[in-house]
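Peer 1: fold the following, please.
(chains A and B)
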Amino acid sequence: EDQVTQSPEALRLQEGESSSLNCSYTVSGLRGLFWYRQDPGKGPEFLFTLYSAGEEKEKERLKATLTKKESFLHITAPKPEDSATYLCAVQKPQGAQKLVFGQGTRLTINP
Amino acid sequence: EAQVTQNPRYLITVTGKKLTVTCSQNMNHEYMSWYRQDPGLGLRQIYYSMNVEVTDKGDVPEGYKVSRKEKRNFPLILESPSPNQTSLYFCASSSAAGLAYNEQFFGPGTRLTVL
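Peer 2: Residues are numbered from 1 along each chain as shown, chains lettered A, B, ... in the order given. As a prediction, the model looks like this:
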């Protein structure tokens, strides 16, 4: 069964304290892995797409990496405004619209 | 402004009373999807549409219907809502690019409570 597992479920950091979020998947024939950010009461907002192992993408304090079994979202020197739930999703081989989401990591950055 | 809109944003209804949640996008996107988000279960796909008059089931389609008569609109229909359909619903759209996948743009969500 296709599964996407994110860890930890919740993470609390001090401002400036770097860390990483994990997304592991068991989807065979991965066509793409996506990271989204979701603020309370809002829809997910796209961050990154990764297609192949070894690929990396960066945006401000965030860097996403991909291996054959997992992806990491590295957060460097986070600020309170980085507080959000971060969602990982994988594209299934069946088609461009078939996405499987993980449960998310709720990140809190204390000032 | 490019956006996906959903209406209503909040809805409280009773078991068995048919309802429709509307979704509209102004980006001329081919793909549209509906998701539900529940605590501990994450986002799960209900239905998706590749283009006008082309729809297919996602992972949790039971109890839902959709239609795609116009490119910009993708309503979600609950013919006979039940309490287990209480959830936060999101509509999303994305553009086509052959076999590649472009990022989905999500609407603001509709919080549905079925009593």
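
Peer 1: B:V54 and chain A: what is the separation?
Peer 2: Computed as C-beta to the nearest C-beta, to the nearest Å, the B:V54 to chain A distance reads 10 Å. (Glycine included, C-beta is placed from N, CA and C.)

Peer 1: kindly state the beta-bridge partners for that residue.
Peer 2: B:N51 (DSSP bridges).

Peer 1: chain B contacts on chain A?
Peer 2: By the rule C-beta under 8 Å from any C-beta of the partner chain, the part of chain A lying against chain B is A:31-32, A:34, A:41-46, A:49, A:87, A:89, A:91, A:95-104.

Peer 1: what is the neighbour count of the nearest residue to A:E81 once chain neighbours are set aside?
Peer 2: Once flanking residues are discounted, A:E81 sits nearest to A:I109: 7.8 Å by C-beta to C-beta, 6 or more residues apart in numbering or on different chains. When neighbours are defined as other C-beta atoms under 10 Å in any protein chain shown, A:I109 has 20 of them.

Peer 1: now do the SS call for A:I109.
Peer 2: strand (DSSP: H, G, I helix; E, B strand; the rest coil).

Peer 1: so what's the closest residue to chain A within chain B closest to, chain neighbours aside?
Peer 2: The nearest approach of chain B to chain A comes at B:F106, 3.2 Å away (C-beta to the nearest C-beta). Distances taken as C-beta to C-beta, 6+ apart put A:G43 closest to B:F106, at 3.2 Å, once the chain neighbours are dropped.

Peer 1: the residues of chain A next to chain B, buried ones only, as a PyMOL selection?
Peer 2: Only the buried entries of the residues of chain A next to chain B go into this PyMOL selection, using 16 or more other C-beta atoms under 10 Å in any protein chain shown:
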select buried, chain A and resi 31+32+34+43+44+46+49+87+89+91+96+97+98+99+100+101+102+103+104
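
Peer 1: so which of the residues of chain A next to chain B belong to strands?
Peer 2: A:G32, A:F34, A:E45, A:F46, A:T49, A:L87, A:A89, A:Q91, A:L99, A:V100, A:F101 (DSSP state E).

Peer 1: assign the spatially most central residue of chain B to helix, strand or coil.
Peer 2: Centrality entry for chain B: nearest residue to the mean C-alpha point is B:W34, 2.6 Å, by C-alpha atoms, centre = their mean. What three-state DSSP gives for B:W34 is strand.

Peer 1: not counting sequence-adjacent ones, nearest residue to it?
Peer 2: Nearest one to B:W34, counting by C-beta to C-beta, 6+ apart, is B:I46 at 4.3 Å.

Peer 1: that neighbour: which element?
Peer 2: Secondary-structure assignment from DSSP states H and E places B:I46 in strand B:42-51.

Peer 1: are we agreed that B:L88 is in a strand?
Peer 2: Yes: with three-state DSSP as the criterion, B:L88 is part of a strand.

Peer 1: next up, the contacts around the residue nearest to A:E81.
Peer 2: Contact analysis of A:I109 by C-beta atoms under 8 Å, 6 or more residues apart in numbering or on different chains lists A:L13, A:Q14, A:E15, A:P78, A:K79, A:P80, A:E81, A:D82, A:S83.

Peer 1: how does it look with 6 Å?
Peer 2: The contact partners of A:I109, taken as C-beta atoms under 6 Å, 6 or more residues apart in numbering or on different chains, are A:L13, A:E15, A:P78, A:P80, A:D82, A:S83.
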